[in-house]
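Chemist: What follows is a predicted structure for the sequence shown.
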Amino acid sequence: MQFFLDTGNIDEIKQALDWGILDGVTTNPTLISKTGRSFMEVAKEIVKLVDGPVSLETVSLNAEGMIKEGRMLAELGDNVVVKIPMTPEGVKAIQVLESDGIPVNVTLIFSPAQALIAAKAGATFVSPFIGRIDDVSGEGMKLIREVKTIFDNYDIDTEIIVASVRHPMHVVEAALIGADICTMPFEVMKKLFNHPLTDKGLEQFLKDWEKVPGRPF
Ligand code: E4P
């Protein structure tokens, strides 16, 4: 499974790149607004820093506007993926952008039917939002299982980006289901490394190492 960071924060992206486990980045207007920086400045920097796909979101509500914005965003780099919301206008825009050769990530997916429509329109990626479903007492992961089954049933090659991830178990469950990608906040990525028994074990090994005679280092 590929790991994407869901962020507009350059320091977080640099840290994940340094770890060598970053495959791509997703952003949205909320994440960009948190940086307090100009959209174009942040977008250009991320696109340059990251080799993998970088999703940048359109904000128009009609297909014409989405297509115009999408084409403009795509000029920032070959790795730009245009994020389009799951609406009827969005579905029209997906087809035009994909036929231009611009990959689209369809965002705000909350049902298997929406994922199926996005895939039929030729989207490269779909982003089902699991945390927001959990937030309203639903079962976000059920959506991932259903979308995965539908895509497998019809050999659909649209990739599933598990989005709105809240904790490490979301990542693990997404991997067990076989989702292609998980996009996660930096805090979740950091937590994936942790286990108290690793810390305890390391502490003991280092303590015992001090008792070993003839230590070469
Ligand atoms: C996906 O691409 C979205 O940016 C994101 O995962 C939304 O997550 P949230 O529900 O934590 O805002």
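Modeler: Received the coordinates, thanks.

Chemist: Any idea how far apart the tips of stretch 95-107 sit?
Modeler: 15 Å (C-alpha to C-alpha, to the nearest Å).

Chemist: scratch that, stretch 50-68 is what I was asking about
Modeler: 24 Å.

Chemist: How about residues contacting it?
Modeler: For stretch 50-68, the surrounding residues in contact (C-beta atoms under 8 Å, 6 or more residues apart in numbering) are 2, 4, 13, 17, 22-29, 43, 46-47, 69-70, 73, 76-77, 79-85, 87, 89-90, 92-93, 96-97, 103, 105, 107, 125. Every C-beta, even on glycine, is put in place using the N, C-alpha and C of the backbone.

Chemist: Could you do stretch 31-39 as well?
Modeler: 6-10, 42-43.

Chemist: related to what we said a few turns ago, quick check on the contacts of stretch 50-68: which are buried?
Modeler: Buried by 16 or more other C-beta atoms under 10 Å: 2, 4, 13, 22-28, 43, 46-47, 69-70, 73, 76, 79-85, 87, 89-90, 92-93, 96-97, 103, 105, 107, 125, out of the contacts of stretch 50-68.

Chemist: Could you list which of the residues you listed also contact the ligand?
Modeler: Within the set of the buried ones among the contacts of stretch 50-68, contact with the ligand (C-beta under 6 Å from any ligand atom) is found for 26, 28, 107.

Chemist: Among those, name the ones in helices.
Modeler: Among those, no residue falls in helices (DSSP state H).

Chemist: Return the closest of those with respect to Arg215.
Modeler: Among these, Thr26 lies closest to Arg215 (C-beta to C-beta), at 46.4 Å.

Chemist: doesn't Thr183 make contact with that closest one?
Modeler: Yes. Under the criterion of C-beta atoms under 8 Å, Thr26 makes contact with Thr183 at 4.4 Å.

Chemist: List buried members of the contacts of stretch 31-39 by neighbour count.
Modeler: Taking 16+ other C-beta under 10 Å as the criterion, what is buried in the contacts of stretch 31-39 is 6-9, 42-43.

Chemist: quick one on the thing from earlier: which residues are in contact with both of Thr26 and Thr183?
Modeler: With C-beta under 8 Å, 6+ apart as the test, Thr26 and Thr183 both reach 4-6, 127, 161, 163.

Chemist: and the nearest residue to Gly122 once chain neighbours are set aside, how far is that from Gly70?
Modeler: Closest residue to Gly122 apart from its sequence neighbours, by C-beta to C-beta, 6 or more residues apart in numbering: Glu98 at 4.3 Å. Distance, Glu98 to Gly70, using C-beta to C-beta, to the nearest Å: 10 Å.

Chemist: Are there residues contacting both of these two? Which ones?
Modeler: Here Glu98 and Gly70 have Val104 as joint contacts, going by C-beta under 8 Å, 6+ apart.

Chemist: where do the strands sit along this structure?
Modeler: 2-6, 24-26, 54-57, 80-85, 104-109, 125-128, 159-162, 181-184 (DSSP state E).

Chemist: which residues are in contact with the last one?
Modeler: Counting by C-beta under 8 Å, 6+ apart, the neighbours of strand 181-184 from elsewhere in the structure are 1-6, 23-24, 26, 125, 127, 159-163, 165, 170-171, 174-175.
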